[in-house]
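[1] coordinates only, sequence not included:
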């Protein structure tokens, strides 16, 4: 065996074959819980959560996302072939939420796609959809080049990110940016981009808002990052700028209703064997929650179940189009917010002080304990959907989760039950001995924040 072969990382296919069952492999994965590799709290996560509703928040996005730079004459064709989105008009300095499905029309994932320059794109986010696009590009007839800048947890030790990314969001974000650039912000629609100068350096921006409030994502070369950050902090004092750490930032999606890591539909179907032989096992992830099935396909979602129907455009051929058209014609689950009953959440927490086996620990502000969190939702014992991310939202003083629910039970005000905890307990590092408990919940809109529902996608 050559040295190169000996050092080659295990593939996903090999790991699944070794375990004998993909569900058991994912549910007992030894990966530690995903963390954002930035300061957990600068003050406290409750005050930091309030900042994007009351003043202006500064969030450092430089370390937890992966960038996949795609360039070449066939870059746009590759993206069009793999994305459900329309590319009929996608000029330089535009961005969109890119969504990909497998050949059977089930969701692989989503990411933010930036059109940086002629034939140059940056796909940013969780690595699931980035991996799929790179696989299709490398194994297909495309004249493209890939450059991957992994997140800080996966990047080569000691090597900094290629880009800094800072998010400014909150009611004072616009005023702060205008002070930084010394002029009105150029008219920019949602997910539009603009370029301006801060502290004598060129900065690119994305009009964006992770928690439904007005926001800007600022990015540029890593070497400029400290100087830009210092300028933001100095100018932000006037506007009550709050530095937001990993704990609060990880919960921002609960207000804007974005599900960050649904289980990707990569384990069955056309080209799945080839893809799993290409994919490193280290990027398989872990599966947590009370929903259990021996069939991995029972964990699959369509884009419609996560509210991505607005992104689907049947104006071009793409992988999974015919299957997705069939899904679109059928009954689809609806993305909702579940507001957990305070009494039941408190009872689960209270069990830590009682004799006997307690309920699964509920962490605050984010209670997810696997990369893919999938909890059972039921009504009178009948399964009606699954609950994803869950956590506490200070701005609403509520513990909530995002869920995909059968339409008959998706009306706001409907009462459902979430099963919390695993039975039997799995061997994941974040799983301690515990018992399952039933937590009552009320269906609410997604996004849960009224401001996010009414303003999130306005220009």
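    All right, it came through fine. All of these numbers come straight from a predicted model, not from anything done at the bench.
[2] any weak-confidence spans in the protein?
    Filtered on pLDDT under 70, the chain yields the residue ranges 1-6, 209-214, 450-459.
[3] Show me the domain layout of it.
    Domain assignment for the chain by automatic domain parsing gives 1-30+285-299+333-459, 45-65+158-256.
[4] Single out the most deeply packed of those domains.
    domain 45-65+158-256 (a mean of 19; mean count of other CB atoms under 10 Å). In short, each C-beta sits where N, CA and C put it, glycine included.
[5] Now do the same for residue 346: helix, strand or coil?
    What DSSP: H, G, I helix; E, B strand; the rest coil gives for residue 346 is helix.
[6] do residue 377 as well
    Quick answer, by three-state DSSP: residue 377 is strand.
[7] which residue packs closest to it, ignoring adjacent ones?
    Using CB to CB, 6 or more residues apart in numbering and skipping residues adjacent in sequence, the residue nearest residue 377 is residue 385, 4.4 Å away.
[8] which residues in the chain form helices?
    Taking DSSP state H as the criterion, the chain contains helices spanning 3-7, 12-19, 22-27, 45-54, 75-82, 127-139, 173-181, 225-236, 246-251, 253-256, 272-278, 321-329, 342-350, 450-455.
[9] Quick one: those as a markdown table, columns for distance to residue 380 too.
    Formatted as a markdown table, the helices of the chain follow (distance: least, CB to CB, whole Å):
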| stretch | distance to residue 380 |
| --- | --- |
| helix 3-7 | 55 |
| helix 12-19 | 36 |
| helix 22-27 | 27 |
| helix 45-54 | 35 |
| helix 75-82 | 41 |
| helix 127-139 | 35 |
| helix 173-181 | 45 |
| helix 225-236 | 51 |
| helix 246-251 | 31 |
| helix 253-256 | 27 |
| helix 272-278 | 36 |
| helix 321-329 | 27 |
| helix 342-350 | 17 |
| helix 450-455 | 29 |
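[10] Which of those sits closest to residue 363?
    helix 246-251 (9.4 Å; CB to CB).
[11] right, and residue 403 touches residue 374 too?
    No: with contacts counted by CB atoms under 8 Å, residue 403 stays clear of residue 374, the gap being 10.2 Å.
[12] Quickly list what's touching both of those two.
    Between them, residue 403 and residue 374 share these contacting residues under CB atoms under 8 Å, 6 or more residues apart in numbering: 386, 387, 388.
[13] Can you tell me who the first one pairs with across the strands?
    Counting by DSSP bridges, residue 386 forms beta bridges with residue 376, residue 404.
[14] For it, give its distance to residue 392.
    Here the criterion is CB to CB, to the nearest Å. By it, residue 386 lies 20 Å from residue 392.
[15] still on that earlier bit, distance check, the residue nearest to residue 377 against residue 202.
    46 Å.
[16] Residue 16 now?
    From residue 16 to residue 202 the distance is 46 Å (CB to CB).
[17] residues in contact with the residue nearest to residue 389 when sequence neighbours are not counted?
    Distances taken as CB to CB, 6+ apart place residue 402 nearest to residue 389, at 5.2 Å, with adjacent residues excluded. Residues in contact with residue 402 (CB under 8 Å, 6+ apart) are 253-254, 257, 259, 335-338, 387-390, 446.
[18] from those residues, which is closest to residue 367?
    Once CB to CB is applied, the member of these that ends up nearest residue 367 is residue 390, at 4.9 Å.
[19] so what's the spatially closest residue to that closest one that is not a sequence neighbour up against?
    What sits nearest to residue 390 in space, not counting adjacent residues and going by CB to CB, 6+ apart, is residue 401, at 3.5 Å. Under the criterion of CB under 8 Å, 6+ apart, the contact list for residue 401 reads 254, 337, 338, 340, 375, 387, 388, 389, 390, 391, 418, 441.
[20] Residue 18 too?
    Counting by CB under 8 Å, 6+ apart, residue 18 makes contact with nothing.
[21] any chance of the contacts of residue 401 in CSV, with distance to residue 321 too?
    Below are the contacts of residue 401 laid out as CSV (distance: CB to CB, whole Å):
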residue, distance to residue 321
254, 32
337, 30
338, 32
340, 38
375, 31
387, 30
388, 26
389, 29
390, 33
391, 35
418, 34
441, 35
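[22] nearest to residue 311, of the residues you listed?
    residue 388 (18.0 Å).
[23] The closest one touches residue 370, doesn't it?
    No: under the criterion of CB under 8 Å, residue 388 makes no contact with residue 370, lying 10.9 Å away.
[24] picking that back up, out of the contacts of residue 402, which is nearest to residue 137?
    residue 259 (25.6 Å).
[25] okay, now the closest one: neighbour count?
    As a burial measure, residue 259 scores 23 neighbours (other CB atoms under 10 Å).
[26] Nearest residue to it in space, please, no chain neighbours.
    Counting by CB to CB, 6+ apart, the residue nearest residue 259 is residue 388, at 4.8 Å.
[27] Need the nearest residue in space to residue 207, chain neighbours excluded.
    Nearest non-adjacent residue to residue 207, counting by CB to CB, 6+ apart: residue 188, 4.4 Å away.
[28] check contacts around that neighbour.
    The contact partners of residue 188, by CB under 8 Å, 6+ apart, come to 194, 205, 207.
[29] can you redo the residues you listed as CSV with distance to residue 129?
    Formatted as CSV, these follow (distance: CB to CB, whole Å):
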residue, distance to residue 129
194, 26
205, 23
207, 22
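[30] Return the member of the residues you listed nearest to residue 363.
    When the contacts of residue 188 are compared against residue 363 (criterion: CB to CB), the nearest one is residue 207, at 32.4 Å.
[31] Show me the beta-bridge partners of that closest one.
    Bridge pairing for residue 207 - DSSP bridges - gives residue 216.
[32] Hmm, it is touching residue 189, no?
    Yes: with contacts counted by CB under 8 Å, residue 207 reaches residue 189, the gap being 6.6 Å.
[33] Which among the domains of the chain is found nearest to residue 86?
    The closest of those to residue 86 is domain 45-65+158-256. By CB to CB, the value is 13.2 Å.
[34] Figure out the length between the terminal residues of that closest one.
    Start-to-end span of domain 45-65+158-256 (CA to CA, to the nearest Å) is 17 Å.
[35] Quick check: the nearest residue to residue 443 once chain neighbours are set aside vs residue 405, distance?
    Distances taken as CB to CB, 6+ apart put residue 414 closest to residue 443, at 4.2 Å, once the chain neighbours are dropped. Separation of residue 414 from residue 405 (CB to CB): 8 Å.
[36] Mind listing the shared neighbours of the two?
    Common neighbours of residue 414 and residue 405 (CB under 8 Å, 6+ apart) are residue 443.
[37] Straight-line length of stretch 185-197, end to end?
    First-to-last distance for stretch 185-197 - CA to CA - comes to 11 Å.
[38] Then stretch 405-418?
    For stretch 405-418, by CA to CA, the gap between its terminal residues amounts to 12 Å.
[39] Out of the helices of the chain, which gets nearest to residue 152?
    Here helix 246-251 is closest among those (CB to CB), at 11.6 Å.
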